[in-house]
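>>> Predicted model follows, preceded by the sequence.
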Amino acid sequence: MKLVVRVKLLPTPEQAAALEATLHAVNTAANLVSAIAFDRRCFRTYDLRKHTYHRIKAENGLAAQAAQHVIKKVADAYRTLHANLKAGNLGAPGTTRRTRAESKPVTFRPDAAQPYDDRCLSWQMRERTVSIWTTRGRLKNVAFTGSPQQLETLAACRRGESDLVHRDGGWYLYATCEVGDVPVTEPDGFLGVDLGIANIATTAGTATAGDGVRYSGKGLNAVRHRNRELRRRLQAKRTKSARRLLKKRRRKEARFAADVNHSIAKQIVTEATRTGRGIALEDLQGIRDRVRLRKPQRVTLHSWSFHQLGSFIAYKARRAGVAVVHVDPAYTSQECSACGHIDRANRPGQETFRCTSCGFAEHADVNAARNIATRGVAGWAVSHAA
C-alpha cells in the first residue's frame with residue numbers, strides 16, 4: 001500500500017533562497033513545455049522530450065534529470081486534464097468552464113511542486129538531513145523534521161519520488177512510502193457508516209439496539225456557514241487583497257476539513273478494530289446526481305468532502321487489517337432495519353424513523369447505518385463465497 005509522508009524542511013535563509021529560485025526555474029520551464037505541447041498537440045512524455053529537452057536545459061539552466069521531471073510533470077498534467085474532460089468533471093461540451101480549460105495551455109504557479117528522484121535527492125536519516133539539487137548547486141545538510149511515526153515510516157518504507165513543496169512560507173518534502181499490507185482478518189459482523197449533513201457520520205452495527213454513534217455536524221456546520229459568509233463578502237469586494245485573502249482562506253478550510261475527516265476516520269477504524277468488525281461504507285459514486293435536496297442543503301452537502309472521509313477510513317482500515325466493503329446506499333434511509341419494510345413515510349423528519357409496518361422506532365441516521373451494516377455483511381459473503 002502506498003502512503004505519502006510529509007516532513008518539514010528547516011533550510012537556512014541561503015538554502016531557502018536556492019530552493020525558491022529552483023522552483024521558479026523549473027516551473028518557468030514547465031510553462032514553456034506546456035505551451036509547446038498545446039501548440040503542437042503533443043502530450044506524450046517521449047514526444048515532448050524530443051521537442052523540449054535540450055531547449056529547457058539550455059534556457060533554464062536545468063540539470064538533465066530535473067529537465068526530464070519537468071517534461072513528465074507537464075505530460076501528467078495534460079493526462080489529468082484529458083481524463084477530467086472525458087469524465088465530464090469540467091462540464092459539458094460548450095460550457096464556459098470546459099471551453100476555458102480547452103482553449104489555453106496548462107499553466108504552473110512559480111512555486112508549484114517539483115518531483116525529485118534519488119539521483120536529485122538523497123536522505124540522511126540518522127542525521128535528519130537531505131542533500132538536494134538546485135539551480136545554484138547541490139545543497140547539503142538541509143535539516144528536516146517530522147513526528148516519530150513519520151520518521152520511522154520514512155526510514156523503513158520510502159520508495160520512489162519525493163515532491164518539493166513550498167506552502168504558506170514553509171518548505172516540505174512529500175515522500176512516497178510502500179507500506180506492507182496488513183492481512184485482513186475475517187470480520188465478526190460489520191459497522192455501517194452513514195454520511196449526512198446534520199451528522200457528518202453515524203455508525204451502527206447490525207443489532208437493533210445499543211451501539212449507534214453519531215458524529216454531530218452542528219458545530220462543524222456553524223464553522224462552515226461562517227466560512228461561506230466570509231467568502232461571499234470577500235468575493236463581492238473584487239479587490240486584489242480580497243483575492244489574496246480568499247486564497248489563504250481556501251487553504252485554511254481545506255486543512256480544517258482534512259483534520260476533521262482524519263479524526264472521524266480514526267475513531268471509526270479504532271472502534272471497528274476493538275470490536276473485530278469490518279466497515280461498510282456507502283458507495284458515493286454519482287451522489288450529486290442521485291440526491292435531490294433544496295438549494296441550501298445542496299450547498300451544505302456538496303461543500304464537504306465525504307469522498308475524502310471515505311478514503312481516509314479505507315486506508316486507515318487497510319493499515320489496521322480491517323475489512324472494508326462499499327454498498328449501494330439506495331433507500332437505506334427509508335428501509336426499516338428491523339423488518340425490512342421500505343416506505344418514504346417511515347422517515348417523517350430528519351432525525352425520526354418510525355416504521356409504518358412494524359412500529360420500530362430509532363434515530364433515522366442510526367437506522368440507516370444499520371441497514372448499511374446489513375448490506376455490508378451480505379456484500380462480504382458474496383465476494384468471499386467459496
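Thanks, I have the structure now.

>>> pLDDT below threshold where in the stretch 151-300 of the chain?
208-210, 217-218, 221, 285-300 (pLDDT under 70).

>>> Tell me where it has helices.
Secondary structure of the stretch 151-300 of the chain, counting by DSSP state H, counting those that start in this stretch: helices at 218-237, 240-275, 287-290, 295-302.

>>> who wins for proximity to Met125 among the ones you listed?
For Met125, the closest of those is helix 240-275, at 25.4 Å, according to C-beta to C-beta. Heads up, the C-betas are built off the backbone N, CA and C, glycines and all.

>>> What pLDDT does the model give the residue most central in space within the chain?
With distances taken as C-alpha atoms, centre = their mean, Gln308 lies nearest the centre of the chain, 5.0 Å away. What the model reports for Gln308 is a pLDDT of 85.

>>> buried sites along the strand or helix carrying it?
Element membership for Gln308 (DSSP states H and E) is helix 306-320. Across helix 306-320, burial judged by 16 or more other C-beta atoms under 10 Å covers Phe306, Gln308, Leu309, Gly310, Phe312, Ile313, Ala314, Tyr315, Lys316, Ala317, Arg318.

>>> cool, and stretch 193-206?
Applying 16+ other C-beta under 10 Å to stretch 193-206 flags 193-197, 199-206 as buried.

>>> List just the nearest of the buried residues of helix 306-320 to Arg158.
Among these, and counting by C-beta to C-beta, the member closest to Arg158 is Tyr315, at 17.5 Å.

>>> Need the buried residues of helix 306-320 in CSV (columns: distance to Leu9).
Converted to CSV, the buried residues of helix 306-320 look like this (distance: C-beta to C-beta, whole Å):
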residue, distance to Leu9
Phe306, 33
Gln308, 26
Leu309, 30
Gly310, 32
Phe312, 25
Ile313, 30
Ala314, 30
Tyr315, 25
Lys316, 27
Ala317, 31
Arg318, 29
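
>>> Which among the helices of the stretch 151-300 of the chain is found nearest to Ile132?
Closest among those, using C-beta to C-beta: helix 240-275, at 24.3 Å.

>>> out of the buried residues of stretch 193-206, what pair is the most spread apart?
Ile197 and Thr206 (24.5 Å).

>>> Count residues in the vicinity of the nearest residue to Arg370 once chain neighbours are set aside, would you?
Leaving aside its sequence neighbours, Arg370 sits nearest to Ser337 (C-beta to C-beta, 6 or more residues apart in numbering; 3.9 Å). Around Ser337 there are 24 other residues, counting by other C-beta atoms under 10 Å.

>>> roughly how far apart are Ser337 and Asp47?
Distance, Ser337 to Asp47, using C-beta to C-beta, to the nearest Å: 57 Å.

>>> tell me what the one helix or strand Gln68 maps to is packed against?
For Gln68, the enclosing helix or strand under DSSP H and E is helix 64-87. Contact here means 3 or more C-beta pairs under 8 Å, 6 or more residues apart in numbering; DSSP states H and E; on that basis helix 64-87 packs against helix 13-40, helix 45-60, helix 96-102, strand 114-116.

>>> Out of those, which is the most enclosed?
Highest mean neighbour count of these: strand 114-116, a mean of 22 (counted as mean count of other C-beta atoms under 10 Å).

>>> With respect to Cys42, which of the helices of the stretch 151-300 of the chain lies nearest?
helix 240-275 (32.1 Å).

>>> Break this structure into its domains for me.
With domains defined by automatic domain parsing, the chain comprises 2-178, 190-218+258-383.

>>> Figure out how far the longest one is from the centre of its chain.
Once both centres are worked out by C-alpha atoms, centre = their mean, to the nearest Å, domain 2-178 turns out to sit 18 Å from its chain's centre.

>>> now the shortest one
Relative to the mean C-alpha coordinate of its chain, domain 190-218+258-383 is positioned 20 Å out (C-alpha atoms, centre = their mean).

>>> tell me how far the ends of it are from each other?
Distance between the boundary residues of domain 190-218+258-383 (C-alpha to C-alpha, to the nearest Å) amounts to 14 Å.
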